[in-house]
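Colleague: Starting from these lines, generate the structure:
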Amino acid sequence: MASSIDKLKELTSKLEDRLVEKRGYYQNAPLISKYSRHISKSKEVVQETKIEIDIKEEIEDTPSITPTKSIRIANIEKIEELYNKLKIFEKSPDFDNIFVYKAMNLSGIGLKDEDFGEVRAGKYIQVIAITYEPDSLGKKKAKNISLGYFGKGETIDPELKNRIIEFVLRWRYEKAFQNVQHYKELISKLD
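Modeller: Numbers count the residues shown, from 1 in each chain. Model (predicted):
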């Protein structure tokens, strides 16, 4: 079974490298691809090796899955669940692409300590992704993209409001993991 796991890891690594080359993803996006689509499936068949394994069991039994990775995997699963419940896929059809954005904000609901979860009077609720694109002169300029519009703040269902907040916070949490990993990799190049 150990050789099967090694073959799967090697195949996954090759696929991740190709995705990074093809799409120019952020260095850590393959972790998202690697786990988000497979963790909820009970079984996955690997075409080249014809090995049928129980992905969830392998992830739990693999020593390379640290507690941090386990937390991260659970977070990604929850983000994907909220992505579907909030219908973010209507504006951003590819789940993995939501991590290409530089930042994510929420309009109409406070996220600071002093007004956390408070709906702002007269405001509309939206999930806003921020990206940087070059303008006509080649200078990078921030661009806001609405990933979800949920209507006027005063009429929003409290459960929906909590899901929206959770989606944004969990996205930011994953983005923080990506940034930490990026800096760890840069520092390791110095050794």
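
Colleague: Check the spacing between I125 and Y183 real quick.
Modeller: I125 sits 33 Å away from Y183, going by CB to CB, to the nearest Å. Placement of C-beta: from N, CA and C, glycine included.

Colleague: A121 too?
Modeller: Distance, A121 to Y183, using CB to CB: 40 Å.

Colleague: And the lengthiest helix in the chain, what's buried?
Modeller: Longest helix in the chain, counting residues (DSSP state H): helix 158-188. Neighbour-count burial for helix 158-188 flags 161, 163-165, 167-168, 170-171, 174-175, 177-178, 181 (criterion: 16 or more other CB atoms under 10 Å).

Colleague: Output the contacting helices and strands for that helix.
Modeller: Using 3 or more CB pairs under 8 Å, 6 or more residues apart in numbering; DSSP states H and E, the elements in contact with helix 158-188 are helix 29-36, helix 67-85, strand 103-107, strand 124-134, strand 140-152.

Colleague: Out of those, which is the most enclosed?
Modeller: With neighbours defined as mean count of other CB atoms under 10 Å, those peak in mean count at helix 29-36, which reaches a mean of 20.

Colleague: Give me the pLDDT value at the nearest residue to I128 once chain neighbours are set aside.
Modeller: What sits nearest to I128 in space, not counting adjacent residues and going by CB to CB, 6 or more residues apart in numbering, is N105, at 4.7 Å. According to the per-residue confidence, N105 scores 93 in pLDDT.
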